[in-house]
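Engineer: have a look at this prediction, sequence included:
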Amino acid sequence: MSVFSESALEKKLAELSNSQQSVQTLSLWLIHHRKHSKTIVKVWYNELKKAQVSRKLTFLYLANDVIQNSKRKGPEFTQDFAPVIVDAFKHVSSEGEEGCKKHLERVLSIWQERAVYENDLLDKLSVVLHGEKKAKKRPYEEIKVTDGDFASQSSPANPPQTADLIRALQELENAASSDSALRQRISALPPEVQDSSLLHRITDKESGERLSRLVEEACMLLADYSGRLAAEIDDRRQLTRLLALFLQSQRDGLAKNEQKLEEYKRKLAQVTQVRKELRSRLNGLPDLSRLPNVTGGHVRLPSSGDLYSPSD
């Protein structure tokens with residue numbers, strides 16, 4: 001790889017495109033020169049602020065790639081990006097193209113899920129994108145099922161974490177894989193854009209420039225769609241984990257209710273036995289209400305005159 005210098009980095013950042021290959025290539029170069037991480041972050045931030053509106057989001061994609069892929073080799077970039085990353089998010093969110101906020105939210109959700117930074121920094125990034133009033137989206141790994149969630153089983157229609165499950169399902173309603181219109185656009189790209197062996201057809205500068213514009217548009221289109229597909233994969237993985245937690249919570253609730261059912265079956269059997277024995281005892285006792293001359297709560301015993309008539 002080429003020797004590092006600020007001017008070399010500035011040139012590479014100027015040539016950075018929105019394609020995945022361009023971002024990853026420069027990311028590998030930066031990680032290779034990680035001993036210059038402080039200088040790299042300083043130049044990156046300065047060039048970000050000077051970049052065209054359409055390229056600002058690409059700088060954040062580059063930072064994301066460097067931060068995540070450099071962690072295996074050392075914490076330099078994670079630490080050196082931390083002091084400027086909040087301001088970078090503010091800058092791209094306010095100065096970037098319309099719709100870039102959604103892409104920043106995706107980056108943030110991945111950082112939250114993978115615990116790239118401490119919670120206080122992630123909270124600041126969340127405030128930049130959502131404002132103070134909007135609660136930070138919890139990583140799905142933080143969703144816990146506790147016994148208290150089943151404290152009341154009188155409302156089985158409201159199991160724990162249902163809101164998270166619904167939100168995750170709603171986020172997949174407009175998934176990239178279901179965007180048939182975009183797939184048709186991609187399939188309609190001319191063969192010259194996808195096959196370098198056809199470049200010999202270019203016979204003049206005008207046709208070459210026209211093809212260059214088509215290639216650039218195709219790169220942007222495919223890079224954006226690839227990013228959306230990658231985001232969808234993350235969403236589906238998160239949903240899978242959430243469903244696993246949800247199903248486990250239901251199994252736990254089912255097991256607990258089955259135990260309660262057995263307990264109350266035993267109690268019912270005991271009460272039924274008491275009722276049966278009580279009825280048996282009652283049937284063997286005299287019915288005091290049928291005895292004659294019951295007054296004031298005392299039974300008058302019969303006299304001799306009651307037993308024999310004068311004629312006897």
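Structural biologist: Great, that's in hand.
Engineer: need the helices for this protein, in chain order.
Structural biologist: For the chain, the helices defined by DSSP state H cover 6-15, 20-32, 37-50, 56-70, 76-95, 100-114, 119-130, 162-171, 180-187, 191-194, 205-284, 304-307.
Engineer: who does the second one touch, helix- and strand-wise?
Structural biologist: Based on contacts counted as 3 or more CB pairs under 8 Å, 6 or more residues apart in numbering; DSSP states H and E, the elements that helix 20-32 packs against are helix 6-15, helix 56-70, helix 205-284. Where C-beta positions appear, they are placed from N, C-alpha and C, glycine not excepted.
Engineer: dump the first one to PDB, keeping only the CA atoms.
Structural biologist: So that's helix 6-15. The C-alpha coordinates for helix 6-15 follow below in PDB (Å, rounded to 0.1, in the frame of the first residue of the first chain):
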ATOM      1  CA  GLU A   6      -2.300  14.100   4.600                       C
ATOM      2  CA  SER A   7      -2.200  15.000   0.900                       C
ATOM      3  CA  ALA A   8      -2.600  11.400  -0.100                       C
ATOM      4  CA  LEU A   9      -5.500  11.000   2.200                       C
ATOM      5  CA  GLU A  10      -7.200  14.200   0.900                       C
ATOM      6  CA  LYS A  11      -6.800  12.900  -2.600                       C
ATOM      7  CA  LYS A  12      -8.300   9.500  -1.800                       C
ATOM      8  CA  LEU A  13     -11.200  11.100   0.000                       C
ATOM      9  CA  ALA A  14     -11.800  13.400  -3.000                       C
ATOM     10  CA  GLU A  15     -12.000  10.200  -5.200                       C
END
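Engineer: other residues contacting it?
Structural biologist: For helix 6-15, the external contacting residues (CB atoms under 8 Å, 6 or more residues apart in numbering) are 2, 22, 26, 29, 30, 39, 40, 43, 44, 47, 51, 59.
Engineer: so what's the gap between stretch 33-45 and the chain middle?
Structural biologist: On the basis of CA atoms, centre = their mean, to the nearest Å, stretch 33-45 sits 32 Å off its chain's mean C-alpha point.
Engineer: what do you get for stretch 12-26?
Structural biologist: 29 Å.
Engineer: ok, stretch 222-242 next?
Structural biologist: 11 Å.
Engineer: in it, which residues are buried?
Structural biologist: Neighbour-count burial for stretch 222-242 flags 222, 223, 225, 227, 228, 231, 232, 235, 238, 239, 241, 242 (criterion: 16 or more other CB atoms under 10 Å).
Engineer: for residue 257, state which of the residues you listed is nearest.
Structural biologist: Nearest to residue 257 among those: residue 242, at 22.3 Å, using CB to CB.
Engineer: how about the CA coordinates for stretch 240-258, as CSV?
Structural biologist: The C-alpha coordinates for stretch 240-258 follow below in CSV (Å, rounded to 0.1, in the frame of the first residue of the first chain):
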residue,chain,number,x,y,z
THR,A,240,-35.7,-13.5,14.5
ARG,A,241,-34.1,-12.8,17.9
LEU,A,242,-37.2,-10.9,19.1
LEU,A,243,-39.5,-13.7,18.0
ALA,A,244,-37.3,-16.2,19.8
LEU,A,245,-37.5,-14.2,23.0
PHE,A,246,-41.3,-13.7,22.5
LEU,A,247,-41.8,-17.4,21.9
GLN,A,248,-39.7,-18.3,25.0
SER,A,249,-41.8,-15.9,27.1
GLN,A,250,-44.9,-17.6,25.9
ARG,A,251,-43.5,-21.0,26.7
ASP,A,252,-42.6,-19.8,30.2
GLY,A,253,-46.0,-18.4,30.7
LEU,A,254,-47.6,-21.6,29.4
ALA,A,255,-45.5,-23.7,31.8
LYS,A,256,-46.4,-21.5,34.7
ASN,A,257,-50.1,-21.6,33.9
GLU,A,258,-50.0,-25.4,33.5
